[in-house]
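*Asks:* predicted model, plus sequence, below.
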Amino acid sequence: MSPLDLLQTLGGRALTVFRALGHHAFFFAELLKHLPQALRRFYLVVAQIHAIGNYSLVIIAASGLAVGFVLGLQGYYTLSRYGAAESLGLLVALSLTRELGPVVTALLFAGRAGTSLTAEIGLMKAGEQLAAMEMMAIDPKSRVLAPRFIGGLIAMPLLAAMFSAVGIFGGYVVGVLLIGIDPGQFWSQMQDGVDVFDDVGNGMVKSFVFGVACTFIALYQGYETQATPEGVAQATTRTVVISSLAVLLLDFVLTAVMFSTPR
Amino acid sequence: MGRRGIESLVGVFVLLGIVAIFYLALKAANLASFNTGETYTLIARFDNIGGLKVRAPVRSAGVTIGRVASITLDTKTYQGLVTLEIQKSIEFPVDTSAKILTAGLLGDQYIGLEPGGDDKMLKPGDTIKMTQSAVVLENLIGQFLYNRAAEGPAEKK
């Protein structure tokens, strides 16, 4: 291969990436344009919150409890070494509200709700239901995609808040009920160290951004899938991979922006 | 399941989410003890503020009664200019003194107010005259070493 060929391959790859990015951006803009129409038919959004949110409740609560248990145990082993076991409540609450709540919820969300969105829309496309809608002059973007998008945006922060709340309860069960840390110290240290806006508020902002990213990726992959069984399978896999990577990278960026400045 | 059933289930879901947010805000964070309005400001100048941070607590007799609102450098006197937000219901005499103290050996720094005995009270925007700077550990160690060095030869004799 001559250097010129290499250069050509590089250019080709770069153009493909830029084209994909541009396509994503236009798709996102289209989706935003259709949001008001979806809000007008709010019962569609409600049905989607039911499909996305209610069915994710059990997995979110179970994982939150498990993460809270583990945080309580691991935190206690480390903190007791420095004679600061009473700070366990603070450790559990801060890690959950700032990081674990939004991030783990988003990862579970991508796996639980994102895949079903992609598969559903992909199969609608494969079964030419979307084409049929267009034939009836119904825009599938405003009828199918936009309600799911809004449903994801509403469900995600609520799920993350539940995850953190259940996780703190799990930390309480392990720390106070099993290990026997003073409950007064547990709660007061937590309340002294956790700030409503800096910690809880920023966590909510994070989970909202993750909700936008995960839902959008799932919808895009479903809508742009190849209308074959293999295509839908690949799109579903891509949803999980891309969503997880996007969440972790976005989390780094958001953390750097939100928490790097000392208060 | 009809639309009504789905709507009520979603209602339960949203309610749970809101309850979780309030639980985080009230039980895990400090919204309950968070006083938004109803404060007045006092100003204190310190030669050295040490590691004092904005939003650090202001305490009197150990009770938190306010927060540090801002920290800037007074360009005329080159002192740290600290603005305090104190709960409106609590007034302090004019000869109150402000100290920068540390919670525990390595804890966060906060401002302690010690009320004086004057009849006149500080008005909003007033300056606290008597201040004591933060204890800087390096200076303390330096002073200690200096004293030891001065004592050293005398002990040998």
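*Replies:* Received, thanks. Please read these numbers as outputs of a predicted model, since none were measured by experiment.
*Asks:* by contact count, what packs against whatever helix or strand A:Q8 lives in?
*Replies:* Following DSSP states H and E, the helix or strand that holds A:Q8 is helix A:3-40. Using 3 or more CB pairs under 8 Å, 6 or more residues apart in numbering or on different chains; DSSP states H and E as the contact definition, the elements that helix A:3-40 packs against are helix A:42-52, helix A:146-172, helix A:202-223. Quick note: C-beta positions are derived from backbone N, CA and C, even for glycine.
*Asks:* the shortest one near chain B at all?
*Replies:* Read it as helix A:42-52. Yes - against chain B, helix A:42-52 shows contacts by CB under 8 Å from any CB of the partner chain at A:Y43, A:V46, A:A47, A:I49, A:H50.
*Asks:* what pairs with B:M130 across the strands?
*Replies:* Here B:M130 shows beta-bridge partners B:S97, assigned using DSSP bridges.
*Asks:* I'd guessed it sits against B:D95; true?
*Replies:* Yes - between B:M130 and B:D95 there is a contact under CB atoms under 8 Å: 7.0 Å.
*Asks:* look at these two and report which has more neighbours.
*Replies:* Just comparing B:M130 and B:D95: by other CB atoms under 10 Å in any protein chain shown the higher neighbour count belongs to B:D95, 15 against 12.
*Asks:* wait, a helix at A:Q191?
*Replies:* Yes - the assignment for A:Q191, made by DSSP: H, G, I helix; E, B strand; the rest coil, places it in a helix.
*Asks:* tell me the pLDDT at it?
*Replies:* For A:Q191, the pLDDT comes out at 83.
*Asks:* I'd like to know how many residues surround it.
*Replies:* Under the neighbour criterion other CB under 10 Å, A:Q191 is assigned a count of 20.
*Asks:* I'd like to know how far it sits from B:A29.
*Replies:* Applying CB to CB, to the nearest Å, one obtains 7 Å for the distance of A:Q191 from B:A29.
*Asks:* with A:M258 instead?
*Replies:* According to CB to CB, A:M258 and B:A29 sit 16 Å apart.
*Asks:* more crowded one of those two?
*Replies:* A direct count of neighbours by other CB under 10 Å for A:M258 and B:A29 places B:A29 higher, at 25 against 16.
*Asks:* and chain A, which residues reach chain B?
*Replies:* Looking at chain B, the residues of chain A close enough under CB under 8 Å from any CB are A:43, A:46-47, A:49-50, A:53-54, A:57, A:93, A:97, A:154-155, A:157-159, A:161-162, A:164-166, A:168, A:187, A:190-192, A:194-196, A:199-200, A:204, A:262-263.
*Asks:* which stretch in the helices and strands packed on helix A:3-40 has the least confidence?
*Replies:* helix A:42-52 (a mean of 90).
*Asks:* nearest to chain A: which residue in chain B?
*Replies:* Residue nearest to chain A within chain B (CB to the nearest CB): B:G17, separated by 2.7 Å.
*Asks:* next up, the contacts around the residue lying closest to that residue once chain neighbours are set aside.
*Replies:* Counting by CB to CB, 6 or more residues apart in numbering or on different chains, the nearest residue to B:G17 once its immediate chain neighbours are dropped is A:L158, at 2.7 Å. Neighbouring residues of A:L158 by CB atoms under 8 Å, 6 or more residues apart in numbering or on different chains: A:G53, B:F13, B:V14, B:L16, B:G17, B:I18, B:A20, B:I21.
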